[in-house]
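**Q** Predicted coordinates and the sequence they were generated for:
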Amino acid sequence: MQPEVERELVRKCQAGDPRFYEPLVRAYEPQGLRLALGMVGNMDDARDALQDAFVKAYQALDRFDTNRAFGPWFFQILRNQCRDLLRSRKARFRVEVVDDGLLGGRADHTPQSSRRERERSEARRLLWKALERLPDEQREILVLKELQGFRYQEIAGILEVPEGTVASRLFHARKALKGALDEMGAEYP
């Protein structure tokens, strides 16, 4: 969504017209759901966290500075909502079902590709199982960078840390992920 369009939608919401919030929800819902799923590990909790984050963001819009981008602010709310959800349920990240299409995998249904697709599916399963073994902070940074594709600056905004901290956390998280994959006996190039 264009930043000027986004700002105008937020201003109209701030002026008291809630119907202008729906385009913001539609724009951020797919990426938000992927982020929430990556953080909590199952679709039901991810949807709950996403819905609650949209509600909280709407309730806080009157305090939102329209000189800022809506996305990083919203993803910060979503991140906190996911963490709160895990804490409140005394739950731990656990992958139940991973929808490859939702997480960026593409199904190729030709006969020649079935073996390749099985290998990719197994690699994704191993990756998620390895992520399950990591502490929340390490999994979170990997989800933001590697699965969501956020730039360091965007991650810094979402996590409210300096970019150097993002780089350091990412280095350690990648190292931990490699260690988890090694422990699982994963083979990779």
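**A** Yep, it's here.
**Q** ok, which stretches of this protein are helices?
**A** For the chain, applying DSSP state H gives helices covering 3-14, 22-40, 43-60, 70-88, 114-132, 136-142, 152-159, 163-183.
**Q** Now the fifth one: buried residues?
**A** Right, helix 114-132. 117, 120, 126, 127, 128, 129, 130, 131 (16 or more other CB atoms under 10 Å). Placement of C-beta: from N, CA and C, glycine included.
**Q** same thing with the last one?
**A** Taking 16+ other CB under 10 Å as the basis for neighbour counts, the residues of helix 163-183 that come out buried are 166, 169, 170, 173, 176, 177, 180, 181.
**Q** what about this structure, any weak spots by pLDDT?
**A** Filtered on pLDDT under 70, the chain yields the residue ranges 89-113, 188-189.
**Q** any residues touching stretch 170-189, and which ones?
**A** By CB atoms under 8 Å, 6 or more residues apart in numbering, the list of residues contacting stretch 170-189 from outside reads 123, 126-127, 129-131, 133-135, 137-139, 141-142, 145.
**Q** Go through these and name the one nearest residue 1.
**A** residue 145 (21.8 Å; CB to CB).
**Q** how near is residue 83 to residue 48?
**A** Distance, residue 83 to residue 48, by CB to CB, to the nearest Å: 13 Å.
**Q** give the contact list for residue 156.
**A** Residue 156 sits next to 162, 163, 165, 166 when contact means CB under 8 Å, 6+ apart.
**Q** Let's have the residues you listed in CSV, adding distance to residue 44.
**A** Output for the contacts of residue 156, formatted as CSV (distance: CB to CB, whole Å):
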residue, distance to residue 44
162, 35
163, 34
165, 32
166, 30
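**Q** ok, the residue positioned nearest the centre of the chain - contacts?
**A** Central residue of the chain (CA atoms, centre = their mean): residue 35, 1.5 Å from the mean position. Contacts for residue 35 (CB under 8 Å, 6+ apart) come out as 75, 78, 79, 82, 143, 144, 148.
**Q** list the contacts for the last one?
**A** When you say that, I think you mean residue 148. 31, 34, 35, 38.
**Q** again, only using 6 Å
**A** Taking CB atoms under 6 Å, 6 or more residues apart in numbering, we find residue 148 in contact with residue 35.
**Q** Next: the second one.
**A** Counting by CB under 6 Å, 6+ apart, residue 78 touches 32, 53.
**Q** Next: the fourth one.
**A** Applying CB under 6 Å, 6+ apart to residue 82 gives the contacts 36, 39, 40, 49.
**Q** Roughly how far does it sit from residue 51?
**A** Using CB to CB, one gets 12 Å for the distance from residue 82 to residue 51.
**Q** That'll do, ta.
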